[in-house]
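> attaching a predicted model along with its sequence, questions to come.
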Amino acid sequence: MIERKLAAWQDAGLIDADTAAAIRAHEAGHSHPLALWAVIGIGALAIGLGLVSVVAANWEAIPGLVRLAIHFALLAMLAVALWWRGEALLSQRPWAHEALLFVFAVLGLTFFGHLGQVYQTSSPLWQPLALWLVLFSPAILLRGSSWLAALLLAGVTIYACWDFADPTRPLFGFDRGERPALVMGMATALPVLFAPLGAWMRGRGARTDFWRRLEQLGFAYALGCASLIAVAGGLDDFDGDSEGFLAPATQIVQAVIAIGAAALVFAARRNASGLAAAGVIAGAALALIAVHLVDGSQLGSAMLFMALWVGVALAALHAGWRRIFQLAVAVIAVRLVILSFELASDLLTSGAGLILAGLLILAVAWIAVRVSRRLAPPEESAP
Amino acid sequence: MNRRLALALALILPLVGLAASWATTHRAVQQGTEWLVPIAGYDPRDLLRGHYVIFTYDWPGLERQERDLRSEPVLCLEGRAPQLTRVRVPDREPCVQTVRAVGGWNDPEGGLARGRLYVSQDRAAALQRQLADPERQGMVRIRVREDGHLTPLDIIFRPRAEAPAP
């Protein structure tokens, strides 16, 4: 497409041949083959899922020890390949390296399942996941180069943290409800620390894309959890039968960790984008505490939710994140519409109510689209 | 630290860790005494860890209300291994062999009320049919370590008349 435009501009006399050549060279050097990356990602994901289901098929024709030995030999071969050819692959074909690393890590993850199958052992899922994190995160942090590795690392971390904090299971002899708030809060707030880690590393050295994704995942985790909690704050028995991780003490611990993470993000990236990202994470932390002031009020929880996302919109304006600004406006609009039904639940039961509801939705959508177009920062950038 | 050395360490660490985990598991399952326990069961599946049968232990000599107890999940096994004559909740009398569930009676990962056995999809379907057969009594062969840790090994079937009264 750019070739056609360049030719047209050159014909119109807007740019000369040298400028056109310079633009081509620049674009060739800075292009992101998005489609290629997506295909590689889907391919690697398919291989990962395939490995899981091959193990899951529990092929009894082959003795367990032989199956485990083959699995282990595959892992060792991949490790050798990553060591031997890793450097060259990473500079020439980073996507091939990323796929290799992903398959290596997923094979490691399925090895625990395979062990359990052969020896009939079982343990809570967070234990093998935590061991996997200890064993495989050094390789991923040293060599990950895109969203694929970042997503695997953050995904396993989040799953392990929440499985550890599972309220239905006794933990270290503590029954539900009496488990220490400090431990629960620390475990569930842990994934937010990907934000300062990514922010610190992306300015220092290569593989910027990997670290940027990791920071975004930590950011999204903080914002997503705070949004969910703000929604849950509107439920009637929010503070009633608290299960340990909805208890105020747990959330104070979570908020303290998130505020620490926000301060570190700003310390690592002292620019408009860093300040905005830190502001959103700190805002999410405050929302976790403020939700206990709302205490079951529908209007209060909606106000808290919208305040959080108005903060996101302001941060996006400050930092120039166009898509996040538009997302924030859309989220606020949807929450406004839902709130109108919550407050006047009889809107749908009469003809006049339906007309009113329709007009309201159209008005909110119209305003949201106008705000989104008029005020959104012009250029695209992301936290 | 040298980048090449750091990479080598980062790649060796998972291999050493997985090998150690494999060796520990392999050693741990060799220890203990085998017992046969009557069961009843059904057949769900799990993608990550393969197909398995979940079964309910039918501990001989244990009343239903005792099984529903929220007490400590420990039982005394009586009989000559592998033939289990009865079990009882531990009291003042000494226990020769105890069995213990770390995660509680109803632990989904394997408690004293229910356990799970990984089998292939075909075997799981066959077991499901056999468990539904009123003529036959399903028995799970378990291995119990000194510390009371329990590992299910296999499921076998006997004509119901021979089975110990539940």
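In hand now; what should we look at?
> next helix or strand past the one helix or strand in chain B whose mean pLDDT sits lowest?
Within chain B, no helix or strand scores below strand B:45-46, which has a mean of 52 by mean pLDDT, DSSP states H and E. Using DSSP states H and E, the helix or strand that follows strand B:45-46 in sequence is strand B:50-57.
> that following strand: how far from the chain's middle?
In this view, strand B:50-57 has its centroid 9 Å away from the chain centroid, taken as C-alpha atoms, centre = their mean, to the nearest Å.
> check stretch B:18-36 too.
13 Å.
> stretch A:266-285 too?
When C-alpha coordinates are averaged (C-alpha atoms, centre = their mean), stretch A:266-285 and its chain have centres 16 Å apart.
> give me the buried stretch members for the longest helix along chain B, please.
When chain B is parsed with DSSP state H, its longest helix is helix B:3-30. Using 16 or more other C-beta atoms under 10 Å in any protein chain shown as the test for burial, helix B:3-30 gives B:7, B:10-11, B:13-15, B:17-18, B:21-22, B:25, B:29. Any C-beta I mention is one placed from the backbone N, CA and C, and that applies to glycine too.
> strands paired with the strand or helix carrying B:Leu117, and their directions?
Secondary structure assignment for B:Leu117, by DSSP H and E: strand B:114-118. In the sheet, strand B:114-118 lines up against strand B:50-57 (antiparallel) (DSSP bridges).
> in PDB, could you pull the C-alpha coordinates for the partner strand?
Extracted in PDB, the C-alpha atoms of strand B:50-57 (Å, rounded to 0.1, in the frame of the first residue of the first chain):
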ATOM      1  CA  GLY B  50      -5.000 -36.800  31.500                       C
ATOM      2  CA  HIS B  51      -8.000 -39.000  32.000                       C
ATOM      3  CA  TYR B  52      -8.800 -40.300  35.400                       C
ATOM      4  CA  VAL B  53     -11.500 -42.000  37.400                       C
ATOM      5  CA  ILE B  54     -12.700 -40.500  40.600                       C
ATOM      6  CA  PHE B  55     -13.900 -43.100  43.100                       C
ATOM      7  CA  THR B  56     -15.500 -43.100  46.500                       C
ATOM      8  CA  TYR B  57     -13.700 -45.200  49.200                       C
END
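> okay, domains of chain B per the record?
Domain ranges of chain B: B:1-30, B:33-162, per automatic domain parsing.
> where does chain B dip in pLDDT?
B:1, B:41-51, B:63-71, B:103, B:106-110, B:161-166 (pLDDT under 70).
> just want the most central residue of it.
For chain B, the residue nearest the mean C-alpha position is B:Pro152 (3.2 Å; C-alpha atoms, centre = their mean).
> show me the contacts for that one.
By C-beta atoms under 8 Å, 6 or more residues apart in numbering or on different chains, B:Pro152 lies in contact with A:120, B:110, B:115-117, B:140-142.
> try 7 Å
By C-beta atoms under 7 Å, 6 or more residues apart in numbering or on different chains, B:Pro152 lies in contact with A:120, B:115, B:117, B:140, B:142.
> number of nearby residues for the second one?
By that I understand B:Gly115. B:Gly115 is flanked by 26 other residues according to other C-beta atoms under 10 Å in any protein chain shown.
> partner residues bridging it?
Counting by DSSP bridges, B:Gly115 is bridged to B:Phe55.
> is it true that it touches B:Tyr52?
No - using C-beta atoms under 7 Å, B:Gly115 is not in contact with B:Tyr52; the gap is 9.7 Å.
> now do the shared contacts for the two.
Residues touching both B:Gly115 and B:Tyr52 by C-beta under 7 Å, 6+ apart: none at all.
> quick check: closest non-adjacent residue to B:Gln97.
In space, and not counting its chain neighbours, B:Gln97 is closest to B:Leu77: 4.5 Å by C-beta to C-beta, 6 or more residues apart in numbering or on different chains.
> got it, and A:Phe305?
Leaving aside its chain neighbours, A:Phe305 sits nearest to A:Ala230 (4.1 Å; criterion: C-beta to C-beta, 6+ apart).
> what helix or strand does that neighbour sit in?
Counting by DSSP H and E, A:Ala230 is part of helix A:208-232.
> how far off centre is that helix?
5 Å.
> also stretch B:132-149?
Its chain's C-alpha centre and that of stretch B:132-149 lie 8 Å apart, by C-alpha atoms, centre = their mean.
> same check, this time on stretch B:78-97
Mean C-alpha position of stretch B:78-97 versus that of the full chain (C-alpha atoms, centre = their mean) differs by 17 Å.
> list the contacts of that stretch.
B:33-37, B:59-62, B:66, B:71, B:74-77, B:98, B:141, B:144, B:164.
> deepest-packed of the domains of chain B, please.
Per-stretch averages of neighbours, counted by mean count of other C-beta atoms under 10 Å in any protein chain shown, single out domain B:33-162 among those, with a mean of 16.
> distance from that one to the middle of the chain?
The chain centre lies 6 Å from the centre of domain B:33-162; the measure is C-alpha atoms, centre = their mean.
> what about residue 91, is that helix, strand or coil?
I'll assume chain A. Under DSSP: H, G, I helix; E, B strand; the rest coil, the three-state class of A:Ser91 is helix.
> meant chain B actually
When classified by three-state DSSP, B:Asp91 comes out as coil.
> quick one: B:Cys76 is in a strand?
Yes - looking at B:Cys76 with three-state DSSP, it is inside a strand.
> what sits against it?
Shown in contact with B:Cys76 (C-beta under 7 Å, 6+ apart): B:87-88, B:90, B:95, B:98.
> count of residues packed around A:Thr161?
I think there's a mix-up here, since residue A:161 is Cys and not Thr. 21.
> kindly report the same for A:Thr250.
26.
> would you mark the buried spots in the helix or strand encompassing it?
In this assignment (DSSP H and E), A:Thr250 forms part of helix A:248-268. Using 16+ other C-beta under 10 Å as the test for burial, helix A:248-268 gives A:250-262, A:264-266, A:268.
> ok, now stretch A:115-125?
Across stretch A:115-125, burial judged by 16+ other C-beta under 10 Å covers A:115-122, A:124-125.
> next structured bit after the one helix or strand A:Met184 maps to?
A:Met184 is part of helix A:181-189 when elements are defined by DSSP H and E. Note on helix A:181-189: by DSSP H and E, the next helix or strand toward the C-terminus is helix A:194-202.
> packing partners for that next one?
Secondary-structure packing of helix A:194-202 (3 or more C-beta pairs under 7 Å, 6 or more residues apart in numbering or on different chains; DSSP states H and E): helix A:208-232, helix A:248-268, helix A:272-294.
> for chain A, see how far away the residue nearest to B:Arg145 when sequence neighbours are not counted is.
Distances taken as C-beta to C-beta, 6+ apart place B:Gly32 nearest to B:Arg145, at 4.0 Å, with adjacent residues excluded. B:Gly32 sits 12 Å away from chain A, taking C-beta to the nearest C-beta, to the nearest Å as the criterion.
> wait, B:Gly32 touches B:Val144, no?
Yes - using C-beta under 7 Å, B:Gly32 is in contact with B:Val144, at 5.1 Å.
> which residues does A:Trp9 contact?
Counting by C-beta under 7 Å, 6+ apart, A:Trp9 has contacts A:Ile15.
> at 8 Å instead, please
Shown in contact with A:Trp9 (C-beta under 8 Å, 6+ apart): A:15, A:20.
> so for the helix or strand harbouring it, mean pLDDT?
If you go by DSSP H and E, A:Trp9 is part of helix A:2-11. For helix A:2-11, the mean per-residue pLDDT is 81.
> gap between that helix and the chain center?
Computed by C-alpha atoms, centre = their mean, the chain-centroid distance of helix A:2-11 equals 39 Å.
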